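Chemist: any chance you can model this:
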Amino acid sequence: MGPTNASSGVEEELNLLERQLRRLKIEYEVYFSNPQKRPPTDVEWKVLSLLRKFSDGARMSFSQRYRYNGLAQLYAIQSDLWRKKLRIREEGYRRPQDALLAVQGVRGTNVEEKRPVYGISRPKAADEPFSVQCSDAGAEREKVASLFKALNEAKTRSGEEVSGTFDSFAAFVKKKTSEIRKQHHCEAVVYSVEVADGHVKLKAKAKS
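Modeler: Down below sits the predicted model:
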């Protein structure tokens, strides 16, 4: 395949990434407006896979790298918003302003200025740990979805391979939660996504 064909292939996949990002945004809007809906983890998986594929920028021209960085930054900003909304839903809208946030989105914050861009210019700073508490993982799909999302984002930022499906991950968390609860006679299990020495780890411990 010559340079022109290779460049054309990258352009097509960037177009696909842009379409998937638009679809993901729409599906998250539907999900947050309808409590019965499942989070669009399959679509987000496709977006993360494409972001990871071009994270080194080796196959792209300058204009393609510029476009990729813009799409990656857009996902990073929206991902922060979706994670905040997921946490608010899990906590049950404890404050009136939280309920408003879950519907309208985040305003007046500078989160997007701190988020790393996936790929070429991402910072080397350590990731902040993400944690979630599960007592009945089979019925707490929103919590499991937020954990799955945080794990994949951390792997993408660290340059690790993202693998597996949400359903297989959910089955693992359900089984692990049951095992730890029986072993330690606890009510819940705390899962955390941590980065140590550049490697992403999913940790689980009994909540005392």
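Chemist: now Ser61: how far from Leu74?
Modeler: Per Cβ to Cβ, to the nearest Å, Ser61 is found 20 Å from Leu74. In this view, the C-beta of every residue, glycine as well, is placed from N, C-alpha and C.
Chemist: ok, now Ser208?
Modeler: 41 Å.
Chemist: so between the two, which is more surrounded?
Modeler: Under the criterion of other Cβ atoms under 10 Å, the comparison of Ser208 against Leu74 puts Leu74 first, with 16 against 8.
Chemist: give me the nearest residue to that one, chain neighbours excluded.
Modeler: Leu21 (6.4 Å; Cβ to Cβ, 6 or more residues apart in numbering).
Chemist: name the helix or strand for that neighbour, please.
Modeler: Using DSSP states H and E, the element containing Leu21 is helix 3-33.
Chemist: which other helices and strands does the following helix or strand past that helix contact?
Modeler: Note on helix 3-33: by DSSP H and E, the next helix or strand toward the C-terminus is helix 41-53. Secondary-structure packing of helix 41-53 (3 or more Cβ pairs under 8 Å, 6 or more residues apart in numbering; DSSP states H and E): helix 3-33, helix 62-91, helix 141-158, helix 166-184.
Chemist: just the C-alphas of the last one, formatted as CSV.
Modeler: The C-alpha trace of helix 166-184 is given here as CSV (Å, rounded to 0.1, in the frame of the first residue of the first chain):
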residue,chain,number,x,y,z
PHE,A,166,-18.3,-5.0,29.3
ASP,A,167,-20.4,-8.2,29.8
SER,A,168,-17.4,-10.3,30.6
PHE,A,169,-16.1,-7.6,33.0
ALA,A,170,-19.5,-7.3,34.7
ALA,A,171,-19.5,-11.1,35.2
PHE,A,172,-16.0,-11.0,36.7
VAL,A,173,-17.0,-8.2,39.1
LYS,A,174,-20.1,-10.0,40.1
LYS,A,175,-18.2,-13.2,40.9
LYS,A,176,-15.4,-11.4,42.7
THR,A,177,-17.8,-9.3,44.8
SER,A,178,-19.6,-12.5,45.9
GLU,A,179,-16.3,-14.3,46.7
ILE,A,180,-14.9,-11.4,48.8
ARG,A,181,-18.1,-10.9,50.7
LYS,A,182,-18.3,-14.5,51.6
GLN,A,183,-14.6,-14.7,52.5
HIS,A,184,-14.5,-11.6,54.7
